[in-house]
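Colleague: need coordinates for the below:
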Amino acid sequence: MNTPYPAPFFTPDPQAAAASRIVDFAQWAVEHRGVAVDSDYASVHHWSVTDLEGFWGAVWEYFDIEAATPYRRVLEDERMPGARWFSGATLNYAHHALRGLANDDVAIVALDETGSSYEVTGKRLRAQVASVAATLRDLGVGTGDRVVGYLPNTPHAIVAFLAAASLGAVWSVCGQDYAPKAAADRFAQLEPTVLIAADGYLFNGTAHDRREAALELAHSLPTLKATLLVDHVGLPWPSRNYPSLVIPWEDASTRTEQLACAPVPFDQPLWVVFSSGTTGLPKGIVHGHGGVLLEHLKTCGLHSDLGPGDRLLWYTTTHWMMWNLVVSTLLTGATTCTYDGSPAPLTRPDVLWQLASRHRVTVFGTSPQYLLGMAKFGIDPSVHDLSSIRVVGCTGSALPASAYPWVRDHVGGHVLLASISGGTDIVSGFAGSAPTTPVWAGELSAPHLGVALAAYDTEGFPVVDQVGELVVTRPMPSMPLSFWNDPDGARYHDAYFCAYPGVWRHGDWITHTAHGSVIVHGRSDSTLNRNGVRLGSADIHDVVERLPEITEALVIGAEEPDGGYWMPLFVVPAPGVALDDALRDRIRDAIRTGASPRHVPDEILQVPAIPHTRTGKKLEVPVKRLLQGAAVEQVVNPAAVDAPDLVDYYARLGAERRSRRTTA
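Modeller: A predicted model of the protein is given here:
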């Protein structure tokens, strides 16, 4: 007898699944809420998207949300955008992050690429947060004020964020591999009161000095009242003319203070995370205390099955949304691990696996490119004892089917490989896995709980087993409250709701399969998505087009069939200039210093011209799709292009590259 769908690559152990928190949640909902659900994932998911009030009310009660004032109703208005969740409730994210660990429990394990580590107990974390919060309060920081961080992924960033959140202030952070101008393009929009900056960060055997960069950034933020200086890599801070008061981190974080978390409305802004800035300045995406709290308890507690005694190590930078989930591990009572450095430094490329073994990590998170790189270079994680790992999470781009057997053979057959797709926009996942879901190689097991996901065709109808646009048809608590500096909501509406009114369009091509899984085919917009970090093409164009040798530039990021990611930069040299190796090196150096090392392209290619619409907009998405092999008539109407012959030119470029790869 033929099965209706292919056999799963991995099926959870029944005993382990039965002992998971998601099964306990389902059984609790039956007993305490009278919900008619089974413990299987499909049943719980159906309830979660057909009874939004019942499901999210159950999440609130199951995870014992402590509100200073109760909510009137779970969901007062379901319209998107503008859904109103838990109106009347006041609470604080920081309170919930700090309540779950006993004094001597380890809250954070700080790791770096040298293999060094230190631990921060719950008692010490609370004391540091209380001290930094008091310092911020003394500087006049209160509810709604902005505090920004120019910091690597260390405990300092977590402490600073929780301190700001405890006051009801709004947090935003950027990694130090971003140039000061790129950081200022984000932070200056917020008009911050306080900047917290580190002396540098580690990467690939080098301590990168960011003291001058921090000074330059501070001078770019005229609203600052103070800058807190963090000693991280041991570089002395010089006496310079800072534009505001300077406070050493040691002074700010070692005061003896009592922690008091201010109750704030459910939708009080918690943090601003930034889009990649594909066109113009990066967009500030605002999320609220309550929405993040519930969404991350669901994601970390139910999907990742995290709880007391667990440890999560997920490689991330502070400006990637995975950092926000790393912090939210604390909501579950589990220990989170920070990591400063390269994921695979040249001298010890398997250091993350070594650290996962040494510190008994239970959830290990990474990107497809990392796993593919491990396989390509013959690195075998199984030389370390990885028996504590039960989940390998993977996000940032689609994980190809070829990686699944490698993880089974080199990490462990007992491990759930959870490929996840989400976004900075909701600071969470749309689809992934859970302890009770089977896994099909190359596919995401199912939409996440509470996510009414579908694939829409161009007419706005849901399709199954066909490629369509990823949409969400009912609201989620962690959908943005707004975009920063978007008073009438027009930019927010246009970003997600103009294609299908009242329905969230995310910008990914997916297939929603008949057996319930989700296959992600890549971005349907022009955002670059390299190694799990979204990058803005505008950041690259801005730097390159300042060079006198370059007339115009276009960068694209193309997902490839083998799971790779190709990010070429096309440049039009100035008259009389030829693109040679020396100019390529200058372009790379300019991007590295003017944007970040992550923005440096894979190749730099000379082209005769860049195609535009008739109104002057670069054809980023059409060029990407032409290079991936889409037919011209599927991508663009040549009559709408300022130079129609360029459409065929880029189509030929794509065909020639695919031919070379096929014959290689």
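Colleague: in this protein, which residue is closest to the centre?
Modeller: Residue closest to the average C-alpha location in the chain (CA atoms, centre = their mean): Met321, at 2.6 Å.
Colleague: for that one, give me its contacts.
Modeller: Shown in contact with Met321 (CB atoms under 8 Å, 6 or more residues apart in numbering): 273, 422-424, 427-428. Every residue, glycine included, has its C-beta placed from N, CA and C.
Colleague: phi first, then psi, for it.
Modeller: phi -60, psi -20 (degrees, to the nearest 10).
Colleague: same check on Val148?
Modeller: For Val148, the backbone dihedrals (degrees, to the nearest 10) come out as phi -120, psi 150.
Colleague: show me what it is bridged to.
Modeller: Ser172, Leu195 (DSSP bridges).
Colleague: count of residues packed around it?
Modeller: Using other CB atoms under 10 Å, Val148 has 27 neighbouring residues.
Colleague: next: the one 3 residues further on.
Modeller: The number of residues packed near Leu151 is 29, by other CB under 10 Å.
Colleague: same check, this time on Val463
Modeller: Val463 - counted by other CB under 10 Å - has 15 other residues nearby.
Colleague: ok, now which ones touch it?
Modeller: 455-457, 512.
Colleague: of those, buried ones?
Modeller: Those of those that meet the buried threshold are 455-456, 512, by 16 or more other CB atoms under 10 Å.
Colleague: can you tell me which of these is closest to Glu443?
Modeller: When the buried ones among the contacts of Val463 are ranked by distance to Glu443 (CB to CB), His512 comes first, at 10.4 Å.
Colleague: could you find the closest non-adjacent residue to that closest one?
Modeller: Leaving aside its chain neighbours, His512 sits nearest to Ala455 (4.4 Å; criterion: CB to CB, 6 or more residues apart in numbering).
Colleague: for the one you found, grab phi and psi.
Modeller: Per-residue torsions, Ala455: phi -110, psi 120 (degrees, to the nearest 10).
Colleague: so what's it up against?
Modeller: Taking CB under 8 Å, 6+ apart as the criterion, Ala455 is in contact with 462-464, 466-471, 510-512.
Colleague: can you check Ala452 too?
Modeller: Contact analysis of Ala452 by CB under 8 Å, 6+ apart lists 49, 472-474.
Colleague: and the furthest pair within the residues you listed?
Modeller: Spatial extent of these (CB to CB) is set by the pair Val49 and Val472 at 9.4 Å.
Colleague: what touches both of the two?
Modeller: The overlap between the contact sets of Val49 and Val472 (CB under 8 Å, 6+ apart) consists of 451-452.
Colleague: what about these two, which has more around it?
Modeller: Val472 (22 against 19).
Colleague: okay, and the beta partners of that one?
Modeller: For Val472, the beta-bridge partners under DSSP bridges are Leu453, Trp504.
Colleague: tell me how far it lies from Ala431.
Modeller: The gap separating Val472 from Ala431 is 10 Å, by CB to CB, to the nearest Å.
Colleague: what's the overlap in contacts for these two?
Modeller: Contacts common to Val472 and Ala431, judged by CB under 8 Å, 6+ apart, are 451, 453.
Colleague: thinking again about what came up before, can you flag which of the contacts of Met321 belong to strands?
Modeller: 273, 422-423, 428 (DSSP state E).
Colleague: highest neighbour count among the residues you listed?
Modeller: Ser428 (30 neighbours).
Colleague: how about the contacts made by that one?
Modeller: When contacts are taken as CB under 8 Å, 6+ apart, Ser428 is in contact with 295-296, 299, 321, 325, 422, 448, 476, 478.
Colleague: among those residues, which are in helices?
Modeller: Those of the contacts of Ser428 mapping onto helices are 295-296, 321, 325, per DSSP state H.
Colleague: ok, the contacts of Ala452 vs Pro282, which is closest?
Modeller: When these are compared against Pro282 (criterion: CB to CB), the nearest one is Val472, at 22.7 Å.
Colleague: pLDDT score for the closest one?
Modeller: At Val472, the model reports a pLDDT of 98.
Colleague: burial count for the residue nearest to Gly301 when sequence neighbours are not counted?
Modeller: In this structure, Gly301 finds its nearest non-sequential neighbour in Thr332, 4.9 Å apart by CB to CB, 6+ apart. As a burial measure, Thr332 scores 26 neighbours (other CB under 10 Å).
Colleague: Thr332 against Lys298, yeah?
Modeller: No. Assessed by CB atoms under 8 Å, Thr332 is found out of contact with Lys298, at 10.5 Å.
Colleague: now the strands for the stretch 501-650 of the chain?
Modeller: Using DSSP state E, counting those that start in this stretch, the strands of the stretch 501-650 of the chain run over 504-512, 518-523, 528-530, 533-535, 550-555, 558-559, 565-566, 568-573, 603-606.
Colleague: strands of the stretch 351-500 of the chain, residue ranges please.
Modeller: Using DSSP E, counting those that start in this stretch, strands in the stretch 351-500 of the chain cover 363-366, 391-394, 416-419, 421-423, 428-432, 446-447, 453-456, 467-472, 482-483.
Colleague: so what does the first one touch, helix or strand wise?
Modeller: Using 3 or more CB pairs under 8 Å, 6 or more residues apart in numbering; DSSP states H and E as the contact test, the elements touching strand 363-366 are strand 311-314, helix 351-358, strand 391-394.
Colleague: picking that back up, nearest to Ser39 among the contacts of Met321?
Modeller: For these, the minimum distance to Ser39 (CB to CB) is 23.0 Å, reached by Ser428.
Colleague: so the closest one bridges to which residues?
Modeller: When assigned by DSSP bridges, Ser428 has beta-bridge partners Gly423.
Colleague: and Asn529, by the same measure?
Modeller: In this entry, Asn529 is beta-bridged to Arg534, by DSSP bridges.
Colleague: Phe161 versus that one, what's the distance?
Modeller: From Asn529 across to Phe161, the span is 24 Å (CB to CB).
Colleague: show me which of those two is the more surrounded one.
Modeller: Using other CB under 10 Å as the criterion, Asn529 and Phe161 rank with Phe161 on top: 29 against 20.
Colleague: was I right about that one contacting Gly149?
Modeller: Yes. Phe161 lies in contact with Gly149 (CB under 8 Å); the separation is 7.2 Å.
Colleague: overlap of the contact sets of those two?
Modeller: Jointly contacting Phe161 and Gly149 under the rule CB under 8 Å, 6+ apart are 171, 173.
Colleague: tell me the angle the longest helix seen in the chain makes with strand 550-555.
Modeller: Using DSSP H, we find that the single longest helix of the chain is helix 645-663. In terms of direction (axes from the mean of the first three to the mean of the last three CA atoms, to 10 degrees), helix 645-663 departs from strand 550-555 by 60 degrees.
Colleague: relative to Ala643, how far out is the closest residue to Gln606 other than its chain neighbours?
Modeller: With sequence-adjacent residues excluded and distances taken as CB to CB, 6+ apart, Gln606 is closest to Leu579, at 4.0 Å. Separation of Leu579 from Ala643 (CB to CB) stands at 20 Å.
Colleague: circling back: list the buried ones in the longest helix of the chain?
Modeller: Neighbour-count burial for helix 645-663, counted by 16+ other CB under 10 Å, picks out 646-647, 650-651, 653-654, 657.
Colleague: now stretch 560-575
Modeller: Here stretch 560-575 shows 563-573 as buried, counting by 16+ other CB under 10 Å.
Colleague: okay, and the helix or strand of this structure with the least pLDDT?
Modeller: strand 533-535 (a mean of 71; mean pLDDT, DSSP states H and E).
Colleague: tell me what the helix or strand where Trp85 lies is packed against?
Modeller: Using DSSP states H and E, Trp85 sits in strand 84-87. Here strand 84-87 touches strand 73-77, helix 289-296, going by 3+ CB pairs under 8 Å, 6+ apart.
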